[in-house]
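Give the three-dimensional model of this entry:
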Amino acid sequence: KNVYLAADAAQPSSTMSTDSSIQELPPSPALSTEPTESAPETPTPPPPAPCTICLGDEGKIVQKGCLCRGDAGAAHPDCLIELAIHSSETRNDWYAWTQCDICKHRYNGDCQLSLAQKRFDRSQTLPKGHLERAYASGTLGMALSDRGKHDEAAALELNALLLYQSEYGDDDEDSLVAANNLALTYNRMGKYTEAEDLQRQVYAARKRVSGPEAPDTLIAANNLAGTYDDQGRYDEAYALQSEVIAVRRRVLGDAHPSTLVSCNDLALTLRRMGKFSEASTLQRKTLAIQKRVYGEWHQERLTTSSNLARTLCDQGEYVEAEALHVQVMETRERILGHDHPHTLHSMSGVARVYICTGRYADAEVMLTDLLRLRTSVLGRNELHTLNTAHLMAEVLRHRGNYGKAATLELETTELMANAVGLRHPETLCAMSGAALLLDDLGDTVRAQALARAIHAAANAAVGKGHPDTWAAAAVLARVLNSAGRHDEAEALCHEVIAAHLTLYSESHLCPLASRSLLAEIFRDTGRLEEARALATATLAAQTATLGSGVSHPHALDTAVVLGTTLLRMDRAEEAEAVLKPTLAHLVKVRGPRHLATVRAGQALGEAQSALGQMAEGCASIQLAQRRRAATFGSDSIAVAATRACERAVAAVEVCTDGGGSSEEGQGQEPLDATSPNEVAEALVALQDFATAACAKLNADSEGPGETPSAGETSNEAMAEID
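Numbers count the residues shown, from 1 in each chain. A predicted model of the protein is given here:
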């Protein structure tokens, strides 16, 4: 998401505020895990572009990050510093510290930080009350905030604010600009209460001093709306942003940079409200105008392109989304550097596309690198770093690495709750991952209680019709089915499917996953023909529309539902034909220890046994049991003994009595994921967290949302534990 900083005063004698986009919150295709058979010769790199100031090509040369591209954007940091010193001292041009003298656009990346740090260092030789110390502190604070060093930035910006207020008063331009910048840094730190308080003060002062339609007043309103949005208060954000964009269009015109800023922000809020079609339409229109106004790869246009790519991913347009994310990421890496927060934001977008298309191995490689970089640049407790950790935990769960997934998800959820609160939409999303892990590990009672609490909290936070609420409802429906509450799960699943079809197209990942769950519910309640028909239709749609086709994890999950349904219908030959290739794909995509792989292996063994292939059936069943034991241990509560499991045990006994365990080479299968002890320890920690989280969510339960129709409360569900 974008927030917009009013630039600090460029010279002590006068001040100016401008809109300047700073990208908030995807894997680099360059980080491929595929080995190459023979490494090609490394081409000779082109000679470095000469410095545009001294024309030399030796020493460190950086891109200025402004509108100057290619050779025109290269310079020695020391040359830029000397130019800024000369311009400020001889021409009183203090803008030389923050913007390019040629294109008049703000510096970014290493260039911005080097200049800001040098200006700050020089200011420390001045008397303590000198205002250049305040200007230098504000400039360095902005540069550090851009780099994710929010604690340091906040300290500097607070110091600048106090200096301005003591010299000029609270309503002075310098004081209001400094307060605005400090509020935006607080926002990035997750300190929303402090940010909102400051922004309300700034907005009120702007209206009082400059009038309700003044440019600086509209900047203040836009930033306040951004804080509403970050807290999940989308209706308030939308209303305020609509006011701002109407005034800017009337006063400034559709193509003015400030109007384009408002269009981008409004589109982001529409996306968060689940209005994807409206959001993408507005983003495409904004991009077209920005290309005419700015050119192809201006920073503002990169921001809008990145936001459009995320909207396309939400709509299921994965090919276009990935291409756009990669294009933006490569451009940002070239201009801003590989570890700039904007570049990392683009890496996160690509990783999300990998997850949505079932490319978990690629996503894990990308997220490992991204988590390392964000931890280094932004800090472990920063919200974007925590979101990356949650995505990594999700990928680990999808690959059957339950112990590490549970440990990481629990740590991330607790840090997120401390940073932005337990009821924040991002925290609720991470807690949904914890509920699914509890369900995978067999504690359906706590999973059910936690899922109910999350569903109620999401409903209160963002409303019943929001995509986050329906995502929480889908998790609850899955957990209810695992707990044997099939009627309640089916009713909720029908609601989720209807809601998803209002938000997405029929071929979108979400409604297809909900239909797959409904087929599973039909199977578990003995409505086998309905289950077979729905699973067949859903599998065909998933194979045709999802990025990886038949090997997409969601399609494989549906294939397991279809295969087990056919098995229960005594159609063993058809079941084997479905389950055999599905199992091979599952081992590659989800890994040998994933529950879907284990269940597919057991079902395949039963089908083979029913067809008289006793040796093959016995081997498949024993391998599935060994995979389960390697992950969960022989006494684990994970995966209660279903009828399929009982039949599997019986088939093994028959095969063993006949003397026929054919397991050649299967005992050597590498099962190097998580030990049963690690899974058991992670389960205990998750159980403790779920109990505490349910108690707190239920105690704090309040909000504007309609009461969810999810049956009993989480308190009643938790009562079943004892």
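
Point out where the stretch 451-600 of the chain drops to low pLDDT.
547-549 (pLDDT under 70).

90 instead, please
Applying pLDDT under 90 to the stretch 451-600 of the chain flags residues 457-469, 500-510, 542-552, 591, 593, 595.

Just the helices from it, written as ranges.
For the stretch 451-600 of the chain, helices defined by DSSP state H, counting those that start in this stretch occupy the ranges 467-482, 486-503, 509-524, 528-545, 553-568, 572-589, 595-610.

and residue 229, what helix or strand is that in?
helix 215-230 (DSSP states H and E).

can I assume residue 208 is in contact with residue 171?
Yes - counting by C-beta atoms under 8 Å, residue 208 does reach residue 171; the two are 7.3 Å apart. The C-beta positions use only the backbone N, C-alpha and C, and glycine is treated the same way.

With neighbour numbers in mind, choose between those two.
Of the pair residue 208 and residue 171, residue 171 is the one with more neighbours under other C-beta atoms under 10 Å, namely 15 against 11.

what's near enough to touch residue 119?
84, 97, 135, 136, 139, 140 (C-beta atoms under 8 Å, 6 or more residues apart in numbering).

can you pull the buried residues of the strand or helix carrying it?
Per DSSP H and E, residue 119 falls inside helix 109-123. For helix 109-123, burial by neighbour count (16 or more other C-beta atoms under 10 Å) applies to 109-120, 122-123.

same question, stretch 201-216
So, applying 16+ other C-beta under 10 Å, buried residues of stretch 201-216: 201, 202, 203, 205, 206, 207, 210, 215, 216.

For that stretch, what does the pLDDT average out to?
Averaging pLDDT along stretch 201-216 gives 93.

For stretch 416-436, measure first residue to last.
18 Å (C-alpha to C-alpha, to the nearest Å).

If we go by neighbour counts, what in that stretch is buried?
Using 16+ other C-beta under 10 Å as the test for burial, stretch 416-436 gives 416-417, 419-436.

out of these, which are inside strands?
If you go by DSSP state E, the buried residues of stretch 416-436 have nothing in strands.

show me where the stretch 201-350 of the chain has strands.
Along the stretch 201-350 of the chain, no segments are classed as strands by DSSP state E, counting those that start in this stretch.

quick one: low-confidence ranges for it?
For the stretch 201-350 of the chain (pLDDT under 90), the answer is 226-235, 257, 271-277, 291, 293-300, 313-318, 332-342.

Please list the residues outside stretch 508-521 that contact it.
Contacts for stretch 508-521 (C-beta under 8 Å, 6+ apart): 315-316, 356, 471, 474, 477-478, 481, 486, 489-490, 493-494, 496-497, 500-501, 503-505, 530-531, 534-535, 537-538, 541-542, 545-546, 554, 557-558, 561-562, 565.

got the CA coordinates for it in PDB?
Provided in PDB are the C-alpha atoms of stretch 508-521 (Å, rounded to 0.1, in the frame of the first residue of the first chain):
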ATOM      1  CA  HIS A 508     -11.200 -18.700  -9.300                       C
ATOM      2  CA  LEU A 509      -9.100 -20.700  -6.900                       C
ATOM      3  CA  CYS A 510     -11.400 -19.800  -3.900                       C
ATOM      4  CA  PRO A 511     -14.800 -21.000  -5.100                       C
ATOM      5  CA  LEU A 512     -13.200 -24.100  -6.600                       C
ATOM      6  CA  ALA A 513     -11.600 -24.900  -3.200                       C
ATOM      7  CA  SER A 514     -14.900 -24.500  -1.500                       C
ATOM      8  CA  ARG A 515     -16.600 -26.800  -4.000                       C
ATOM      9  CA  SER A 516     -13.900 -29.400  -3.300                       C
ATOM     10  CA  LEU A 517     -14.600 -29.100   0.400                       C
ATOM     11  CA  LEU A 518     -18.300 -29.600  -0.200                       C
ATOM     12  CA  ALA A 519     -17.600 -32.700  -2.200                       C
ATOM     13  CA  GLU A 520     -15.500 -34.000   0.800                       C
ATOM     14  CA  ILE A 521     -18.500 -33.300   3.100                       C
END
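
buried ones in that stretch?
508-521.

Make JSON lines out of those residues and add distance to residue 441.
Listed next are the buried residues of stretch 508-521 as JSON lines, based on distance: C-beta to C-beta, whole Å:
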{"residue": "508", "distance to residue 441": "29"}
{"residue": "509", "distance to residue 441": "25"}
{"residue": "510", "distance to residue 441": "25"}
{"residue": "511", "distance to residue 441": "28"}
{"residue": "512", "distance to residue 441": "26"}
{"residue": "513", "distance to residue 441": "21"}
{"residue": "514", "distance to residue 441": "23"}
{"residue": "515", "distance to residue 441": "26"}
{"residue": "516", "distance to residue 441": "21"}
{"residue": "517", "distance to residue 441": "19"}
{"residue": "518", "distance to residue 441": "24"}
{"residue": "519", "distance to residue 441": "24"}
{"residue": "520", "distance to residue 441": "19"}
{"residue": "521", "distance to residue 441": "21"}
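
so which of those residues comes closest to residue 179?
For the buried residues of stretch 508-521, the residue nearest residue 179 by C-beta to C-beta is residue 510; the value is 41.4 Å.

What separation do you get for that closest one and residue 393?
Using C-beta to C-beta, to the nearest Å, one obtains 20 Å as the distance from residue 510 to residue 393.

Repeat that for residue 268.
Counting by C-beta to C-beta, the gap from residue 268 to residue 393 is 25 Å.

can you check residue 351 too?
Residue 351 is 13 Å from residue 393, by C-beta to C-beta.

more neighbours, those two?
The residue with more neighbours, out of residue 351 and residue 393, is residue 351; 29 against 26, by other C-beta under 10 Å.

Sticking with the more buried one, tell me its helix or strand.
helix 341-356.

And that helix, what does it pack against?
Other helices and strands packing on helix 341-356, by 3 or more C-beta pairs under 8 Å, 6 or more residues apart in numbering; DSSP states H and E, are strand 21-23, helix 299-315, helix 318-336, helix 360-377, helix 383-398.
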